[in-house]
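> return a 3D structure for these sequence lines:
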Amino acid sequence: MRSQVDLSIIGGSCFLDAAVNDSRVVDLIQPSDGLRCMRVTVAPKGLGTAVITIKDIGLTPPLATSSLVQVSDLDWIRINSPEEISIMEGSSQSFDLIAGVDDGSVFDSSQLAYMNIHLHVESPIINLIEDGDKSGLGSNIIIKAKHLGVTTFHVSARQHSGREVFSQTVKVEVYEAPRIHPEDIFLVPGAYFVLTLKGGPTMGAFVEYGSYDNGTAAIHQSTGRLFALSPGNTTIVATVFGNGDCHLSGIWYS
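Predicted coordinates:
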């Protein structure tokens, strides 16, 4: 599949003459009559830089404008993600891909579809959600967490020469849906109980507990130790911070 890019034309008449100063770098594709007033399509042929000139001969005097087009091979590709992430089992997460060259230029996202990008997963506890029948990926991928565990993934792209370029590696933890244990409890005033969190992310994560009614029961913010103070009921909230923040709550009676 050959890449193309459209250059928009704003203003002027429909009597346009498009030319390129180096046909070894790009080809100009004339659009249909209904679109020739609005754009010109550029198809790369070889590496290099070319100047495309659009001359409007329908104006008096004729006016011209130009655009610089650089045709480059990619030098790097990157997944827009932290080095470590956590995804809950059964859920999915989207990642943007960015590709560029060593001089600092970054390709438009539309060009990544032509780079023969593929996903590589160390262990099949995650999988790619496919988007149609494509020979390669585009500027965005969606990963679904299938099974509990830890794995890594990266992407590769292919240069015009055939050499593969690899992204950084991202570590993924697939965690069980978190829940507070036990799910309910009855305490008498003056008693205490230590709550625990089952499931949830573990990589770089920590838990904070809180009570909606500290007059009925109070809880230590980090240890989960629950103190029953007076008859009634309250809601205990556990918030997990880290790679994949989540928020849990349960009702406790005392």
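
> so Pro62 touches Ile54, yeah?
No - Pro62 is beyond contact range of Ile54, at 10.8 Å (criterion: CB atoms under 8 Å). The way it works is simple: take the backbone N, C-alpha and C, and place the C-beta from them, glycine included.

> who's more crowded, the two?
When Pro62 and Ile54 are compared for neighbours, Ile54 comes out ahead with 18 against 13, by other CB atoms under 10 Å.

> give me the pLDDT for the more buried one.
Ile54 is assigned 88 on the pLDDT scale.

> where's it, which helix or strand?
Following DSSP states H and E, one finds Ile54 within strand 48-56.

> these two touch, right, Leu187 and Ala228?
Yes - using CB under 8 Å, Leu187 is in contact with Ala228, at 3.8 Å.

> tally up the residues packed near Val155, please.
As a burial measure, Val155 scores 26 neighbours (other CB under 10 Å).

> residue contacts, it?
Contact analysis of Val155 by CB atoms under 8 Å, 6 or more residues apart in numbering lists Ile77, Ile79, Leu97, Ile117, His118, Leu119, His120, Leu137, Ile141, Phe166, Ser167.

> the same query, at a cut-off of 10 Å, please.
Contacts for Val155 were tallied using CB atoms under 10 Å, 6 or more residues apart in numbering; they are 77-79, 95, 97, 99, 112, 115, 117-120, 128, 136-137, 141, 165-170.

> buried subset of those as a PyMOL selection?
A single PyMOL command selects the buried members of the contacts of Val155 (16 or more other CB atoms under 10 Å):
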select buried, resi 77+79+95+97+99+112+115+117+119+128+136+137+141+165+167+170
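
> restricted to strands, list the contacts of Val155.
Among the contacts of Val155, the members falling in strands are 77-79, 95, 97, 99, 118-120, 128, 141, 165-166, 170 (criterion: DSSP state E).

> and the two most separated of those residues?
Leu128 and Val165 (18.9 Å; CB to CB).

> ok, back up a step: list the buried residues for the next helix or strand after the strand holding Ile54?
Next helix or strand after strand 48-56 toward the C-terminus (DSSP H and E): strand 63-71. Within strand 63-71, the residues that count as buried by 16+ other CB under 10 Å are Val69, Val71.

> partner strands of strand 63-71, with direction?
As defined by DSSP bridges, the strand partners of strand 63-71 come to strand 48-56 (antiparallel).

> which helix or strand contains the residue lying closest to Thr151 once chain neighbours are set aside?
Leaving aside its sequence neighbours, Thr151 sits nearest to Ser123 (CB to CB, 6 or more residues apart in numbering; 3.9 Å). Counting by DSSP H and E, no helix or strand carries Ser123.

> right, I'll call it a day here.
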